[in-house]
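K.L.:
no FASTA, just this:
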């Protein structure tokens with residue numbers, strides 16, 4: 001009842017708006033009416049979101065404003081002691097993910113909540129060091145992404161060549 005296509009609509013951030021491996025949420029497929037805010041929570045650019053169900057434990061940084069449903073946890077550092085980019089990498093690391101899994105153990109459907117996330121131990125160096133670490137990890141992700149894309153192209157070329165040889169086209 002709260003969905004809209006009106007220009008006054010507020011971005012409605014859903015898990016489907018994310019791409020696995022992407023760092024940012026930049027746009028949404030749907031919007032809600034302003035009166036729908038009473039049923040949700042407003043987030044702003046720069047906020048860090050963590051999926052808390054289904055594909056739980058995936059962090060994303062907001063690059064747009066919008067509203068979230070209960071499938072998300074909002075992590076906002078009002079004291080500004082932490083870099084969202086640094087937290088993105090730490091929360092997405094095996095170090096944190098393994099803590100999420102242990103804390104959610106026993107449940108049929110794994111879900112995170114604020115108590116579980118609050119219990120996770122996160123190394124928090126000085127802010128300048130956080131920025132340095134995040135920049136280095138961003139650089140590695142770019143290199144890995146580039147190499148992965150090149151390997152994907154090679155794999156498709158190999159499949160096409162094999163397919164052609166199977167059917168006498170190569």
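P.N.:
Now that the structure is in, tell me what you want to look at. For clarity, every value in this text was computed on a predicted model and none was experimentally measured. Residues are numbered from 1 along each chain as shown.
K.L.:
shaky segments in the chain?
P.N.:
54, 79, 105-110, 145-146, 148, 169-170 (pLDDT under 70).
K.L.:
could you measure the spatially most central residue of it against residue 85, distance?
P.N.:
For the chain, the residue sitting closest to the mean C-alpha position, by C-alpha atoms, centre = their mean, is residue 60 at 3.1 Å. From residue 60 over to residue 85 the distance is 12 Å, taken as C-beta to C-beta, to the nearest Å. (C-beta placed from N, C-alpha, C; glycine too.)
K.L.:
mind listing what residue 69 touches?
P.N.:
By C-beta atoms under 8 Å, 6 or more residues apart in numbering, the contact set of residue 69 is 12-14, 40.
K.L.:
Could you export those as JSON lines, including distance to residue 33?
P.N.:
Below are these laid out as JSON lines (distance: C-beta to C-beta, whole Å):
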{"residue": "12", "distance to residue 33": "10"}
{"residue": "13", "distance to residue 33": "15"}
{"residue": "14", "distance to residue 33": "16"}
{"residue": "40", "distance to residue 33": "11"}
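K.L.:
so which two of those residues are the farthest from each other?
P.N.:
Greatest spatial distance in those: 14 and 40, 11.2 Å, computed using C-beta to C-beta.
K.L.:
Show me what counts as buried in the lengthiest helix in the chain.
P.N.:
In the chain, ranked by residue count with DSSP state H as the criterion, the top helix is helix 127-166. Residues of helix 127-166 classed as buried by neighbour count (16 or more other C-beta atoms under 10 Å): 130, 133-134, 137.
K.L.:
cool, and stretch 63-72?
P.N.:
Those would be 66-68, 71-72, for stretch 63-72 by 16+ other C-beta under 10 Å.
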